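K.L.:
when you get a sec, could you give me coordinates for this:
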Amino acid sequence: MVKIAPSILSADFANLGSEIEEIKNAGADYVHFDVMDGAFVPNISIGIPVLKSVRKSTDMFIDVHLMIEKPVRYVKQFCSAGADLVNFHVEADSEENIKEAISIAKSMGKKTGVTLKPGTPAEAVMPFLPLVDLVLIMTVEPGFGGQSFMHDQLPKMEAVRKMIDEVNPACELEVDGGVDANTAPLCKKSGADVLVAGSAVFGKADRAAAIKAIKEA
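P.N.:
This is a model prediction of the structure:
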């Protein structure tokens, strides 16, 4: 069954520890941790001190999505702060530097991923595919939560799924952006293994029912 990774960008930050405990008990598989620097994307979110606090409060798998420029500068700090997987945008730096960031994270015992913005073609993942544990396809423009799902990204999912199956079958395909019980079946049909959901989980009073609805859609 598909895994669900609620994005804490939509959580109540005044009660973050209890919010994460609630989604764990509700059946979530990963915690999706969005980091924005105000440069790579037009918004600023959370960073290393919050990650340290989250790590102390939960044993859940933390999937850190770095929407920051030149992530190689900070990969060690995010690994040390408690990330289980660190995910780098292919657009955020040169191929050489993204590969260096992947290497650093792996040397610290962490899983790694790469992310594609909506405007980035599927082929951009190929130089990194043998090296990573996850590929994230953005189905909204990164930077803000609560956006609508971009249906034109479905063919890209299918193309990346095919590449994964041919090159690195153990790699997971993750989808982030506008995922809910209505769009989840489209993502699954296109080969997604992990679905990131923000407001579709944290925006609901019954988080267990929300996660179940997405998983079973």
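K.L.:
just say helix, strand or coil for I4.
P.N.:
Under DSSP: H, G, I helix; E, B strand; the rest coil, I4 falls in the strand class.
K.L.:
ok, it touching A197?
P.N.:
Yes: taking contacts as CB atoms under 8 Å, I4 lies within contact range of A197: 6.2 Å. No exception for glycine: its C-beta is placed from N, CA and C like everyone else's.
K.L.:
joint contacts of the two?
P.N.:
211, 214 (CB atoms under 8 Å, 6 or more residues apart in numbering).
K.L.:
these two: which is more packed in?
P.N.:
A197 (30 against 25; other CB atoms under 10 Å).
K.L.:
quick one, phi/psi of the more buried one?
P.N.:
Phi and psi for A197, reported as degrees, to the nearest 10, are phi -140, psi 130.
K.L.:
could you measure from it over to A209?
P.N.:
13 Å (CB to CB, to the nearest Å).
K.L.:
so for E158, what's the nearest residue that isn't a sequence neighbour?
P.N.:
Distances taken as CB to CB, 6 or more residues apart in numbering put S190 closest to E158, at 4.9 Å, once the chain neighbours are dropped.
K.L.:
residue contacts, the one you found?
P.N.:
154, 157-158, 161.
K.L.:
how about I4?
P.N.:
27-30, 194-195, 197, 201, 211, 214-215.
K.L.:
which stretches of the chain form strands?
P.N.:
Under the criterion DSSP state E, strands of the chain are mapped to 3-6, 30-36, 61-67, 85-89, 111-116, 134-138, 172-176, 194-197.
K.L.:
relative to L16, which of the ones you listed is closest?
P.N.:
Evaluated over the strands of the chain, closeness to L16 peaks at strand 30-36, with 10.2 Å, by CB to CB.
K.L.:
distance from the chain centre to that closest one, please.
P.N.:
Put simply, strand 30-36 sits 6 Å off its chain's centre (CA atoms, centre = their mean, to the nearest Å).
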